[in-house]
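Q: can't give you the sequence, but here's the structure:
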Ligand SMILES: Nc1nc2c(c(=O)[nH]1)N[C@H]1C(S)=C(S)[C@@H](COP(=O)(O)O)O[C@H]1N2
Ligand SMILES: [Mo]
């Protein structure tokens with residue numbers, strides 16, 4: 001059988017676990033039709049043989065239940081755009097660099113240490129992490145501070161599921177995320193654009209908010225390396241840089257942690273970095289955004305929404321001056 005593997009370090013998947021991303025959409029429609037009863041059993045067989053003979057590059061499929069609460073109705077960004085227009089400075093600063101160079105990242109074995117101010121520190125390997133809670137598919141918008149956005153069907157579960165397991169103690173006020181920084185696998189880590197490793201942080205209540213996603217997949221598959229395999233954070237109401245990729249450590253701490261972008265340019269990148277159309281970045285207006293894939297000459301930009309449209313998080317910031325705590 002013609003099954004090509006991407007060089008992404010994922011252990012050989014079973015043939016039955018493989019889905020080409022190109023058919024992700026048709027599979028979704030098909031499953032929806034199945035659910036409403038307009039397609040009967042035999043079509044299923046037809047579908048699987050079509051999948052089996054698809055001669056496109058494939059990655060490893062990852063099953064997840066659609067989360068009905070967190071599903072934007074916006075059209076998805078194409079898989080191609082979402083996997084070839086990336087910020088992942090460990091592999092270079094050009095948008096095309098991560099897709100070009102992240103193949104050298106070895107995503108298995110992979111462990112993530114969860115530690116600090118918790119009663120039950122633990123080190124989990126990626127397989128136990130995948131089994132810790134039911135995997136959900138959530139369609140979130142990700143807004144980069146550079147002025148563009150994407151809509152992506154992520155797979156994962158609320159970070160709060162992991163937080164409950166480790167039992168933060170009374171001293172835990174913030175959560176720090178640390179990405180891998182291995183020069184041997186990541187050609188950009190030699191550069192001095194950032195002080196490696198890439199770190200990010202959230203207040204404990206932000207990290208515990210159900211929207212905060214621990215993500216291991218997208219578009220029905222495990223995460224491509226350039227999107228932060230094998231595990232990353234996705235915080236949809238904050239600028240994209242808060243969503244650290246390829247994380248190896250989650251630490252519960254007393255003080256607001258150092259974060260990578262805040263350290264290099266504190267005036268430009270605040271700790272909070274909530275999407276806010278009323279507070280401009282010194283170099284980029286935050287009032288509107290370009291949706292990746294909608295780049296026609298006359299395509300209108302979209303208005304950027306407060307908290308990227310996730311208004312349910314507003315209560316986390318009650319009484320705070322969001323111009324000061326940008
Ligand atoms: N470790 C790490 N995480 C990172 C980055 C990075 O350079 N290194 N870039 C951030 C930025 S600026 C954005 S916009 C998002 C992009 O995520 P995506 O490529 O999956 O769309 O990842 C964030 N996470
Ligand atoms: Mo970004």
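A: Received the coordinates, thanks. Predicted model, so just to flag it, every value in this text is computed and none were measured. Ligands and ions are numbered 1, 2, ... in the order given.

Q: show me the contacts for residue 109.
A: Neighbour list for residue 109: 125, 126 [criterion: Cβ atoms under 8 Å, 6 or more residues apart in numbering]. For the C-beta atoms, the positions are set from N, CA and C on the backbone; glycine is no exception.

Q: How about the one 5 residues further on?
A: Contact criterion Cβ under 8 Å, 6+ apart gives 121, 122, 123, 124, 162, 165, 166, 249, 250, 251 as the residues in contact with residue 114.

Q: Okay, and the third one sits in which element?
A: Secondary-structure assignment from DSSP states H and E places residue 123 in strand 122-125.

Q: possible to save the contacts of residue 114 as TSV with neighbour count?
A: Shown next, in TSV, are those (neighbours: other Cβ atoms under 10 Å):
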residue	neighbour count
121	14
122	14
123	12
124	20
162	19
165	14
166	20
249	18
250	25
251	20
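
Q: and of those, the nearest to residue 301?
A: The closest of the contacts of residue 114 to residue 301 turns out to be residue 250 (Cβ to Cβ; 35.4 Å).

Q: gap between residue 205 and residue 170?
A: 14 Å (Cβ to Cβ, to the nearest Å).

Q: between those two, who's got more neighbours?
A: For residue 205 versus residue 170, neighbours defined as other Cβ atoms under 10 Å are more numerous around residue 205 (13 against 7).

Q: which residues touch the residue in the stretch 151-300 of the chain positioned nearest to ligand 1?
A: Residue nearest to ligand 1 within the stretch 151-300 of the chain (Cβ to the nearest ligand atom): residue 240, separated by 2.5 Å. Residue 240 is in contact with 87, 142, 143, 144, 145, counting by Cβ under 8 Å, 6+ apart.

Q: Next secondary structure element downstream of the helix or strand of the chain with the lowest mean pLDDT?
A: Every helix and strand in the chain was compared by mean pLDDT, DSSP states H and E; the lowest is helix 42-53, with a mean of 40. Sequence-wise, the next helix or strand downstream of helix 42-53 (DSSP H and E) is strand 59-60.

Q: mean confidence score for that next one?
A: Taken as a whole, strand 59-60 has an average pLDDT of 84.
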